[in-house]
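Peer 1: Have a look at this prediction, sequence included:
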Amino acid sequence: MSHGGGGDESGSHTYHKKTFRPGSICHYCGEHVWVSGYTCKVCRFVTHEKCMGDVTTACTSVAPVLVKDPVAHRWGERQKFKRTFCNVCRKRMDESLGYRCEVCKYYVHATCNQFCVQDCKRVATYNPYIPGEELGVQLHHWREGNLKPSSKCAVCKNVCSSQECLVSLRCAWCCKTVHSSCRQFLDISCDFGALKR
């Protein structure tokens, strides 16, 4: 069964129904998936049936082709990262060597590096050819998961981090964190946070 996230078929996941063990988390809303839910056959994205239509995170199989103006990551040294998840395969990185982008904090296993999305944050703040910038605003640059344990949602003020899976979003510019389900209630323009000064 194929369902697109947020009505966008270009970023669609290929979901199949699955019975989950207790403790599984929906990667969209961050709540527990009790007994049955859906998982993407390609990228392992887990979701409730009720959340499937709202998912905006593109499947990693199509995400690279959705980037209109690729920007390469700046990888640090190859090492092990504890309590961190790969942004490509969504698996824990605890026992494997991997890389972290020193600019946008995108994490990948060494074996997943060739499949990463080249969407590191840009250093230029205005480009009239990028959607949203024709409005004269800088959009947030969202990075999924790997949030600090104390991260709070900028909208609902509840904790939005998880040690169990990639869940919630962090803007690489202003560092605001938000539940994926709360993002629609946040202003689309980024104020750059501490970088504004």
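Peer 2: Done, it's in.
Peer 1: Would you map the strands across this protein?
Peer 2: Here the chain has its strands, by DSSP state E, at 2-5, 8-19, 36-40, 46-47, 79-80, 97-100, 107-109, 142-144, 169-171, 177-178.
Peer 1: closest to Gly53 out of the ones you listed?
Peer 2: strand 2-5 (7.1 Å; Cβ to Cβ). Where C-beta positions appear, they are placed from N, C-alpha and C, glycine not excepted.
Peer 1: And Phe85, what's its pLDDT?
Peer 2: Looking at Phe85, its pLDDT stands at 94.
Peer 1: The residue most central in space within the chain bridge partners, please.
Peer 2: Taking Cα atoms, centre = their mean, the centroid of the chain lies closest to Glu144, which sits 2.2 Å from it. For Glu144, the beta-bridge partners are Leu169 (DSSP bridges).
Peer 1: would TSV of the strands of the chain with distance to Phe192 be doable?
Peer 2: Below are those laid out as TSV (distance: least, Cβ to Cβ, whole Å):
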stretch	distance to Phe192
strand 2-5	27
strand 8-19	27
strand 36-40	33
strand 46-47	31
strand 79-80	29
strand 97-100	22
strand 107-109	23
strand 142-144	14
strand 169-171	9
strand 177-178	15
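Peer 1: Pick out the shakiest of those, pLDDT-wise.
Peer 2: Mean pLDDT is lowest for strand 2-5 out of these, coming in at a mean of 40.
Peer 1: looking at this protein, which helix or strand is least sure?
Peer 2: Ranked by mean pLDDT, DSSP states H and E, the weakest helix or strand in the chain is strand 2-5, scoring a mean of 40.
Peer 1: still on that earlier bit, so which of the strands of the chain is nearest Val67?
Peer 2: strand 8-19 (11.3 Å).
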